[in-house]
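Peer 1: The following block contains a protein sequence and its predicted model.
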Amino acid sequence: MGLARAWSIGLHGVDGDLVEIEADIGPGLPGLSLVGLPDAALAEARDRVRAAVVNSGQDWPKRKITLALSPATLPKQGSSYDVALACGVLAADGRLRPSALEGVVLLGELALDGRVRDVRGMLPCVMAARRAGVPRAVVPVGALDEAALVDGIELFGAAHLTEILAWLRGEAELVTPAARPRARSRPDVDDLADVVGQEVARHAIEVAAAGGHHLLFVGPPGSGKTMLARRLTGLLPDLGVEEAMEVAAVRSLAGALPPDEELPVTPPFVAPHHGVSAAALVGGGSGLARPGAVSMAHRGVLFLDEVYEFGPHLLDCLRTPLEEGEVRLARKDGVVRYPARFQLVMAANPCPCAPPRPADCDCPPQVLRRYEGRLSGPMLDRVDLRVHLEPVTSLDRGPDEVPEDTATVRARVLAARRRARERWRSRGWRSNAEVPGPALRRHAPLPPDAAAELDQMLRHGVLTARGLDRCLRVAWTLCDLRRGDRPGAEEVHAALALKHRRAAV
């Protein structure tokens with residue numbers, strides 16, 4: 001009889017827990033029992049692990065084997081436990097020293113011939129191992145570069161089960177990362193100077209970038225809505241190491257992390273099609289839900305083109321992530337949490353027929369009401385900036401008309417971001433858009449003359465309390481752009497104007 005322990009990681013969204021695998025070999029009919037809430041993929045590990053062990057030149061114990069995964073109340077899913085299960089069985093059978101498994105997390109799926117395969121979510125698994133204080137981790141060699149994005153833990157890569165067994169016995173060495181990865185340099189981005197005219201819309205993009213505000217463009221086809229939206233990420237500041245790790249962890253879970261060893265520094269830009277399902281937009285799927293487009297856009301931009309073509313229920317699904325910066329999805333296997341702090345940019349035609357000139361629209365009033373009604377009032381109230389674009393009437397620029405490029409505008413945006421970050425640093429907020437309304441009113445009240453217009457509009461029902469808070473945030477961003485100390489009546493009036501304004505060419 002023998003008893004041994006091995007360790008792996010159980011993912012629950014982007015969070016991970018250290019899972020202890022106890023292997024017991026005792027008298028009884030030969031067989032293997034797996035307990036601890038395994039899902040179907042993990043239950044099938046019994047056959048995968050046995051075949052991998054035998055095809056790696058090891059004898060499979062011909063006795064009763066019990067494998068217990070703790071904590072027992074935590075649902076376990078996926079095939080990343082295979083390596084730890086195999087090593088636990090061999091240690092319990094006396095083929096490995098049980099002490100060799102102490103202080104090491106084993107991750108990876110086993111092929112029938114003993115090869116160690118990659119699994120999704122390797123990055124958050126290694127992050128969870130580091131948080132749990134485990135000093136070493138063994139991962140598939142193909143995922144070693146991804147795992148090496150995490151500092152503070154000793155990493156080893158293996159291509160076959162025999163390599164891991166030889167390493168645990170002290171007979172061989174495993175592959176280690178050659179060097180810690182460095183952050184990727186910012187790639188070339190589309191330049192804001194390419195946009196013809198639309199000065200107010202360009203200003204709205206600058207304000208949105210400086211404060212992290214949500215934005216809606218309404219205008220005829222070809223007026224530059226999509227061009228402006230795609231240039232927003234070029235204005236945003238680079239991701240910090242912590243933010244880049246958050247983005248990379250979500251992409252690792254979705255299987256969308258590039259196979260290189262560099263952290264992305266450019267905020268992501270995600271543009272789902274209007275035919276997207278609710279599960280693909282906010283996350284979902286059977287078992288424990290997978291991340292959706294809103295989480296893939298974490299710390300970046302979520303762009304909804306032709307927003308009125310999205311189903312109303314899809315748009316209303318965004319209301320909670322916009323307020324709380326995360327998605328919580330309840331399924332039969334539990335509740336998972338995914339980060340979703342993104343900037344929402346929406347673009348729409350003014351009507352279903354969308355003629356080049358608005359005056360040529362022949363849509364009946366009831367059609368227009370039904371079309372615009374797809375974006376509900378509560379959802380529209382969460383949009384900070386609304387700009388109506390006019391058609392572009394000329395592509396010729398005068399000799400004195402030199403539009404500002406992305407680098408020039410980005411310099412102002414970064415300066416405004418620094419001012420906001422310094423102001424709110426002690427409270428943990430990074431941008432004006434993250435500051436709760438009560439905190440704005442309590443800790444940074446406006447002068448009486450600046451607040452008078454907002455109070456009047458709130459009293460007459462033109463603004464809701466949420467809309468007032470959003471105007472306050474925009475006013476602070478405008479103040480940061482002009483390097484002021486506190487918003488005045490001018491910034492408040494400009495913030496209200498950006499709530500609903502027609503943009504000139």
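Peer 2: Yep, it's here.
Peer 1: From here on, just use CA atoms for contacts and neighbour counts.
Peer 2: Fine.
Peer 1: now residue 28: how far from residue 193?
Peer 2: Plainly put, residue 28 is 76 Å away from residue 193 if you go by Cα to Cα, to the nearest Å.
Peer 1: Comparing the two, which residue is more hemmed in?
Peer 2: A direct count of neighbours by other Cα atoms under 10 Å for residue 28 and residue 193 places residue 193 higher, at 17 against 10.
Peer 1: Identify the spatial nearest neighbour of the more buried one, chain neighbours not counted.
Peer 2: Computed as Cα to Cα, 6 or more residues apart in numbering, the closest residue to residue 193 that is not its neighbour in sequence is residue 405, at 4.5 Å.
Peer 1: Likewise for residue 275?
Peer 2: Nearest non-adjacent residue to residue 275 (Cα to Cα, 6+ apart): residue 310, at 6.9 Å.
Peer 1: what helix or strand does residue 452 sit in?
Peer 2: In this structure, residue 452 sits in helix 448-459 according to DSSP states H and E.
Peer 1: List the contacts of the helix or strand that that helix is followed by.
Peer 2: The helix or strand immediately downstream of helix 448-459 is helix 465-481, counting by DSSP H and E. Helix 465-481 is contacted from outside by 207, 210-211, 213, 381-382, 384, 412-413, 415-417, 419-420, 432-433, 435-437, 440, 454, 458, 485-487, 491-492, 494-496, 499, using Cα atoms under 8 Å, 6 or more residues apart in numbering.
Peer 1: And the helix holding residue 452, how far out from the chain middle?
Peer 2: The chain centroid and the centroid of helix 448-459 are separated by 37 Å under Cα atoms, centre = their mean, to the nearest Å.
Peer 1: now what about that helix, what contacts it?
Peer 2: 463-465, 468, 487-490, 492-493.
Peer 1: For those residues, which entry has the maximal number of neighbours?
Peer 2: Neighbour max across the contacts of helix 448-459 (other Cα under 10 Å) = residue 492, 26 neighbours.
Peer 1: can you pull the contacts of it?
Peer 2: Neighbours of residue 492 in contact, by Cα under 8 Å, 6+ apart: 450-451, 453-454, 471-472, 475.
Peer 1: which residue ranges form the strands in the stretch 1-150 of the chain?
Peer 2: 2-12, 15-26, 31-35, 64-70, 104-106, 109-110, 116-117, 136-140 (DSSP state E, counting those that start in this stretch).
Peer 1: What is the burial count for residue 106?
Peer 2: Residue 106 sits with 25 neighbouring residues when counted by other Cα under 10 Å.
Peer 1: Report the beta-bridge partner residues of it.
Peer 2: According to DSSP bridges, the partner residues bridging residue 106 are residue 138.
Peer 1: residue contacts, it?
Peer 2: Contacts of residue 106 (Cα under 8 Å, 6+ apart): 6-8, 81, 83-84, 137-139.
Peer 1: Likewise for residue 127?
Peer 2: 16, 150 are the contacts of residue 127 under Cα under 8 Å, 6+ apart.
Peer 1: and if you look at residue 349?
Peer 2: 218-221, 306.
Peer 1: which regions of the stretch 1-150 of the chain sit below the pLDDT cut-off?
Peer 2: 1 (pLDDT under 70).
Peer 1: likewise the stretch 301-450 of the chain?
Peer 2: In the stretch 301-450 of the chain (pLDDT under 70), the answer is 333, 394-401.
Peer 1: which residues in it form strands?
Peer 2: 301-304, 326-331, 334-339, 343-348, 385-389.
Peer 1: do the same with the stretch 151-300 of the chain
Peer 2: 154-158, 215-218, 269-270.
Peer 1: Give the pairing partners of the shortest one; include direction for each.
Peer 2: By that I understand strand 269-270. strand 301-304 (parallel).
Peer 1: mind listing what's buried in the partner strand?
Peer 2: Within strand 301-304, the residues that count as buried by 16 or more other Cα atoms under 10 Å are 301-304.
Peer 1: Please save the CA atoms from it in CSV.
Peer 2: What follows is strand 301-304 as a C-alpha-only set of coordinates in CSV (Å, rounded to 0.1, in the frame of the first residue of the first chain):
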residue,chain,number,x,y,z
VAL,A,301,-11.6,49.3,-26.7
LEU,A,302,-14.8,47.5,-27.6
PHE,A,303,-16.2,48.8,-30.9
LEU,A,304,-19.7,48.1,-31.9
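Peer 1: For residue 3, give the beta-bridge partners.
Peer 2: The partner residues for residue 3, given DSSP bridges, come to residue 24.
Peer 1: Near it, how many other residues are there?
Peer 2: Residue crowding around residue 3 was assessed by other Cα under 10 Å; the count is 19.
Peer 1: before we move on, what about residue 251?
Peer 2: Neighbours of residue 251 (other Cα under 10 Å): 22.
Peer 1: Nearest spatial neighbour of it, chain-adjacent residues omitted?
Peer 2: Nearest to residue 251 is residue 257, by Cα to Cα, 6+ apart, at 5.0 Å.
Peer 1: farthest pair in the contacts of residue 492?
Peer 2: 453 and 475 (12.5 Å; Cα to Cα).
Peer 1: ok, back up a step: would a markdown table of the buried residues of strand 301-304 with distance to residue 197 be doable?
Peer 2: Shown next, in a markdown table, are the buried residues of strand 301-304 (distance: Cα to Cα, whole Å):
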| residue | distance to residue 197 |
| --- | --- |
| 301 | 23 |
| 302 | 24 |
| 303 | 21 |
| 304 | 23 |
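Peer 1: Residue 49: which of those is nearest?
Peer 2: Comparing the buried residues of strand 301-304 against residue 49 with Cα to Cα places residue 302 closest, at 41.8 Å.
Peer 1: Return the member of the contacts of residue 349 nearest to residue 236.
Peer 2: residue 218 (22.3 Å).
Peer 1: Who are the contact partners of that closest one?
Peer 2: Contacts were defined as Cα under 8 Å, 6+ apart; by that measure residue 218 touches 225, 347-350, 386-389.
Peer 1: What subset of the residues you listed is buried?
Peer 2: Buried subset of the contacts of residue 218 (neighbour count, 16+ other Cα under 10 Å): 225, 347-350, 386-389.
Peer 1: possible to save those residues as JSON lines with distance to residue 373?
Peer 2: Below are those laid out as JSON lines (distance: Cα to Cα, whole Å):
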{"residue": "225", "distance to residue 373": "20"}
{"residue": "347", "distance to residue 373": "15"}
{"residue": "348", "distance to residue 373": "13"}
{"residue": "349", "distance to residue 373": "13"}
{"residue": "350", "distance to residue 373": "12"}
{"residue": "386", "distance to residue 373": "16"}
{"residue": "387", "distance to residue 373": "18"}
{"residue": "388", "distance to residue 373": "17"}
{"residue": "389", "distance to residue 373": "20"}
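Peer 1: Show me which of those is closest to residue 247.
Peer 2: Distances from residue 247 to the buried ones among the contacts of residue 218, taken by Cα to Cα, are shortest for residue 347, at 24.6 Å.
Peer 1: how near is the closest one to residue 214?
Peer 2: Distance, residue 347 to residue 214, by Cα to Cα: 11 Å.
Peer 1: what does residue 455 give?
Peer 2: Taken as Cα to Cα, the span from residue 455 to residue 214 is 23 Å.
Peer 1: more neighbours, those two?
Peer 2: Higher neighbour count among residue 455 and residue 214: residue 214, with 24 against 14, using other Cα under 10 Å.
Peer 1: got the buried residues for the helix holding residue 452?
Peer 2: Residues of helix 448-459 classed as buried by neighbour count (16+ other Cα under 10 Å): 450-451, 454.
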